[in-house]
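Visitor: Sequence and predicted structure, then a few things I'm wondering about:
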Amino acid sequence: MTASLDLLVLGNAIVDVMARTDEAFLVREGVHKGAMQLIDEARAEHLFQVMGAATIISGGSGANTAVGAASLGARAGFIGKVRDDELGRLFSHDLNATGVRFGVAPATEGPATARCFVLVTPDGERTMNTYLGACQGLSASDVDEETVRSARHVYLEGYLWDPPAAKEAFRKAAQIAHGAGNMVALTLSDAFCVDRYRDEFLGLIRDGSLDILFANIHELKSLYQTADADTALAALRQETGLLGIVTRSEEGALVVSGNDTKSVPASPVREVVDTTGAGDLFAAGFLAGLARGLDHADCARLGAVAAAEVISHLGARPQADLKALAEQAGL
């Protein structure tokens with residue numbers, strides 16, 4: 001069948017509540033700088049009260065990737081779960097307004113739409129505290145077979161492994177995609193997420209569920225339980241039939257396929273304002289590049305362009321014209 005989507009993303013449908021803060025606030029509130037922690041509704045209410053002036057923006061790691069890919073001209077869709085509340089309507093409106101197809105029915109009862117409290121310190125590092133809420137209602141029944149079959153690439157968000165029912169949605173989508181001859185990608189999302197599900201993620205890699213793995217170097221080291229980057233990369237090279245995309249912040253990215261490793265530099269950025277979404281937009285650029293038929297090195301360069309744009313401002317979705325930036329970069 002002819003693919004009607006270049007990219008279909010399965011992820012947590014989350015609204016970001018963002019605020020600038022300082023190191024002392026992180027210490028006082030007992031949050032781990034640079035990580036994503038899961039919180040309950042009571043903790044969510046507390047943080048909202050004490051975090052100071054906030055900006056509310058539709059987010060979610062996978063949704064950010066879908067938006068970035070659409071901004072680069074890819075035909076993108078998203079599968080995730082919101083509640084039929086104010087934040088759920090905001091999330092749905094924002095996603096559809098960017099051209100991303102999102103038609104999963106909202107929950108009419110149960111927990112509220114998910115929110116992530118993103119605390120940004122002066123160095124641009126983001127610390128996330130996530131209340132999953134309605135995300136936990138995503139199930140295999142929300143995965144439409146025809147939609148999955150129509151997508152050339154299916155991208156699965158590692159954070160989706162936290163809500164138990166979503167695992168079955170995840171596995172169903174991967175099975176349908178491979179049955180249709182399409183590719184499946186996974187992002188590891190967060191080193192602490194890897195700590196929670198290491199064996200399951202390695203199982204997905206080794207049972208043939210995945211074709212592409214996205215990780216930053218910290219997540220990769222966590223996956224292979226080593227403090228040494230070279231050891232982690234050597235382990236990645238041993239994974240049969242897997243394309244590995246490893247980001248390393250200002251050191252750029254590596255594209256690893258068996259013993260072949262290509263290094264791509266980071267795109268220059270005048271000032272790092274907020275690193276939220278850097279990995280999401282890198283994946284968006286890479287996958288949009290694949291949809292356009294670019295080679296893997298140019299896909300990574302496109303990812304670097306998108307990542308550089310998103311870290312130059314507050315918020316995890318592009319504000320500049322990514323197509324124009326890509327053209328300026330010769331892509």
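Guide: Sure, I can see it.

Visitor: and Gly158, how many residues sit next to it?
Guide: Residues contacting Gly158 under the criterion other C-beta atoms under 10 Å number 25. Where you see a C-beta, it was placed from the backbone N, CA and C, and this is true even at glycine.

Visitor: helix, strand or coil for the closest residue to Leu236 other than its chain neighbours?
Guide: Once flanking residues are discounted, Leu236 sits nearest to Gly244: 4.7 Å by C-beta to C-beta, 6 or more residues apart in numbering. For Gly244, the assignment made with DSSP: H, G, I helix; E, B strand; the rest coil gives strand.

Visitor: how near is Gly244 to Asn216?
Guide: Using C-beta to C-beta, to the nearest Å, one gets 12 Å for the distance from Gly244 to Asn216.

Visitor: which residue ranges form the strands in the stretch 201-331 of the chain?
Guide: Read by DSSP state E, counting those that start in this stretch, the stretch 201-331 of the chain holds these strands, from start to end of the chain: 212-216, 243-247, 253-257, 260-264.

Visitor: so which of those comes closest to Val310?
Guide: Distances from Val310 to each of the strands of the stretch 201-331 of the chain were compared using C-beta to C-beta; the shortest belongs to strand 243-247, at 12.7 Å.

Visitor: any idea of the mean pLDDT in that closest one?
Guide: This predicted structure assigns strand 243-247 an average pLDDT of 97.

Visitor: count of neighbours near the residue nearest to Leu236?
Guide: Around Gly244 sit 20 other residues, with neighbours defined as other C-beta under 10 Å.

Visitor: That one and Ser257 touch, don't they?
Guide: Yes. Look at Gly244 against Ser257 with C-beta atoms under 8 Å: they come within range, at 7.3 Å.

Visitor: Listing request: residues of the chain with sub-threshold pLDDT.
Guide: Counting by pLDDT under 70, the low-confidence segments of the chain come to 1-3, 274, 315-316.

Visitor: Please, where are all the helices along it?
Guide: Assigned by DSSP state H, the chain shows helices spanning 23-29, 41-50, 61-71, 86-97, 145-149, 164-179, 191-206, 217-223, 229-237, 278-291, 296-310, 322-328.

Visitor: which parts of the fourth one are buried?
Guide: Buried residues in helix 86-97, counted by 16 or more other C-beta atoms under 10 Å: Leu87, Gly88, Leu90, Phe91, Ser92, Asp94, Leu95.

Visitor: Off-centre distance for that helix?
Guide: Taking the mean C-alpha point of helix 86-97 and that of its whole chain, the gap between them comes to 18 Å (C-alpha atoms, centre = their mean, to the nearest Å).

Visitor: quick one on the thing from earlier: quick one, what contacts the residue nearest to Leu236?
Guide: Listed by C-beta atoms under 8 Å, 6 or more residues apart in numbering, the contact set of Gly244 reads Ile212, Leu213, Ala215, Leu220, Leu236, Arg237, Leu254, Val255, Val256, Ser257.

Visitor: Among these, which one lies nearest to Leu47?
Guide: Nearest to Leu47 among these is Ala215, at 27.9 Å by C-beta to C-beta.

Visitor: give the contact list for the nearest residue to that closest one once chain neighbours are set aside.
Guide: Closest residue to Ala215 apart from its sequence neighbours, by C-beta to C-beta, 6+ apart: Leu188 at 4.4 Å. The neighbourhood of Leu188, defined by C-beta under 8 Å, 6+ apart, consists of Gly158, Val194, Phe201, Leu213, Phe214, Ala215, Asn216, Glu219, Leu220, Ser222, Leu223.

Visitor: surely the third one meets Leu186?
Guide: Yes. Judged on C-beta under 8 Å, Phe201 makes contact with Leu186 at a distance of 7.4 Å.

Visitor: Pull up the overlap in contacts between those two.
Guide: Between them, Phe201 and Leu186 have Gly158 as joint contacts when contacts are counted by C-beta under 8 Å, 6+ apart.

Visitor: can you tell me which of the helices of the chain comes nearest to Gly133?
Guide: Smallest distance to Gly133 across the helices of the chain (C-beta to C-beta): 7.5 Å, for helix 41-50.

Visitor: Pull the residues that contact that closest one.
Guide: With contacts defined as C-beta under 8 Å, 6+ apart, helix 41-50 is touched by Val17, Glu29, Ile39, Ala54, Pro111, Ala112, Arg115, Phe117, Asn129, Tyr131, Gly133.

Visitor: same thing but 6 Å
Guide: Outside of helix 41-50, the residues within contact range by C-beta atoms under 6 Å, 6 or more residues apart in numbering are Phe117, Asn129, Tyr131.

Visitor: Take the residues you listed and lay them out in TSV including distance to Ala24 and neighbour count.
Guide: Supplementary listing: those in TSV, determined by distance: C-beta to C-beta, whole Å; neighbours: other C-beta atoms under 10 Å:
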residue	distance to Ala24	neighbour count
Phe117	17	24
Asn129	17	23
Tyr131	24	25
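
Visitor: Same list (those residues) but as JSON lines, adding distance to Ala180.
Guide: JSON lines is the format used below for the contacts of helix 41-50 (distance: C-beta to C-beta, whole Å):
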{"residue": "Phe117", "distance to Ala180": "38"}
{"residue": "Asn129", "distance to Ala180": "38"}
{"residue": "Tyr131", "distance to Ala180": "35"}
